[in-house]
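Participant: next comes the sequence, and after it the predicted model I'd like to discuss.
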Amino acid sequence: MDVITIILIALGLAMDALAVSITNGIVIKNLKMLHAFRVALFFGLFQALMPALGWLAGLGLKNFISGVDHWIAFGLLTAIGVKMISESFKTGASRSGDAALATSLLLVLSVATSIDALAVGLTLAFLDVLLIIPVVIIGAVTFGMSFAGVYVGNRFGTLLGRKMETVGGLILIGIGVKILIQHLR
């Protein structure tokens with residue numbers, strides 16, 4: 001898998017974290033750089049950890065499903081993308097965007113926004129991708145976008161959050177289609 005594809009996957013995965021970071025920025029009244037760093041660190045670390053866990057799980061299953069791995073990758077990425085798009089239309093109390101800086105809440109939000117990355121890690125194992133490069137890129141992209149998201153949310157409110165989740169979902173679906181087409185050739 002080439003670096004551009006990994007970056008696109010990272011961008012797609014980071015959209016949930018970006019949306020929640022924007023919400024955090026809205027909630028934090030006296031924003032300091034440490035606040036943005038803390039949010040970004042939680043999201044970046046979990047987005048890097050989850051693909052590694054998924055990859056390890058995928059190694060155990062690889063021999064059983066190697067003939068259909070491209071279909072599994074397509075299905076997982078499409079399902080994640082559709083889920084992200086549908087979640088982008090939820091409003092108010094149905095969303096988990098009531099974020100603050102409490103460690104327990106940041107942990108829950110970090111896990112919730114990185115579940116998709118677990119499935120991507122599973123997909124990476126099926127595609128024989130070396131783990132370290134995607135993990136570093138996914139974690140770094142999520143960190144950077146989350147850090148910026150806190151500031152964007154603090155400045156601009158709720159204008160961008162839902163749109164970014166939709167874009168992220170579309171990116172993941174597109175990558176799933178690309179993987180399927182490459183393997184069917």
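Facilitator: Received the coordinates, thanks.
Participant: leaving out the residues flanking it, which one is nearest to residue 113?
Facilitator: residue 16 (4.1 Å; Cβ to Cβ, 6 or more residues apart in numbering). All C-beta atoms are positioned from the backbone trio N, CA, C, and that covers glycine.
Participant: was I right about that neighbour contacting residue 110?
Facilitator: No: applying Cβ atoms under 8 Å as the test, residue 16 and residue 110 come out as separate, 10.3 Å apart.
Participant: the residue nearest to residue 113: what secondary structure?
Facilitator: Following DSSP: H, G, I helix; E, B strand; the rest coil, residue 16 is assigned to helix.
Participant: next one: residue 29
Facilitator: Residue 29 - assigned by three-state DSSP - is coil.
Participant: tell me the contacts of it?
Facilitator: Contacts for residue 29 (Cβ atoms under 8 Å, 6 or more residues apart in numbering) come out as none.
Participant: what about it, distance to residue 49?
Facilitator: Distance of residue 29 to residue 49, computed by Cβ to Cβ, to the nearest Å: 30 Å.
Participant: and for the nearest residue to residue 129 once chain neighbours are set aside, the neighbour number?
Facilitator: Take residue 129 and drop its neighbours on the chain: the residue closest to it by Cβ to Cβ, 6+ apart is residue 1, 4.8 Å away. Counted with other Cβ atoms under 10 Å, the neighbours of residue 1 add up to 17.
Participant: surely residue 172 touches residue 14?
Facilitator: No: here residue 172 does not reach residue 14: they are 11.0 Å apart, not a contact under Cβ under 8 Å.
Participant: if we can go back for a sec, separation between the residue nearest to residue 129 and residue 150?
Facilitator: Residue 1 is 30 Å from residue 150, by Cβ to Cβ.
Participant: where do the helices sit along this structure?
Facilitator: Here the chain has its helices, by DSSP state H, at 3-27, 33-65, 69-87, 103-126, 132-156, 161-184.
Participant: phi, psi for residue 129 please.
Facilitator: The phi/psi pair for residue 129 (degrees, to the nearest 10) reads phi -90, psi 130.
Participant: just residue 29 next, same as before
Facilitator: The phi/psi pair for residue 29 (degrees, to the nearest 10) is phi -80, psi -50.
Participant: which stretches of the chain have low pLDDT?
Facilitator: Where the chain drops to pLDDT under 70, the residues are 62-63, 65-66, 69, 91-100, 157-162, 164-165, 168.
Participant: again, only using 90
Facilitator: Counting by pLDDT under 90, the chain contains low-confidence ranges at 1-2, 15-31, 54-131, 152-185.
Participant: residue nearest the centroid of it?
Facilitator: By Cα atoms, centre = their mean, the chain has its centre lying nearest to residue 13, at 2.2 Å.
Participant: name the nearest residue to that one, ignoring sequence neighbours.
Facilitator: Leaving aside its sequence neighbours, residue 13 sits nearest to residue 117 (Cβ to Cβ, 6+ apart; 5.1 Å).
Participant: residue 103 and residue 42: what is the separation?
Facilitator: Separation of residue 103 from residue 42 (Cβ to Cβ): 8 Å.
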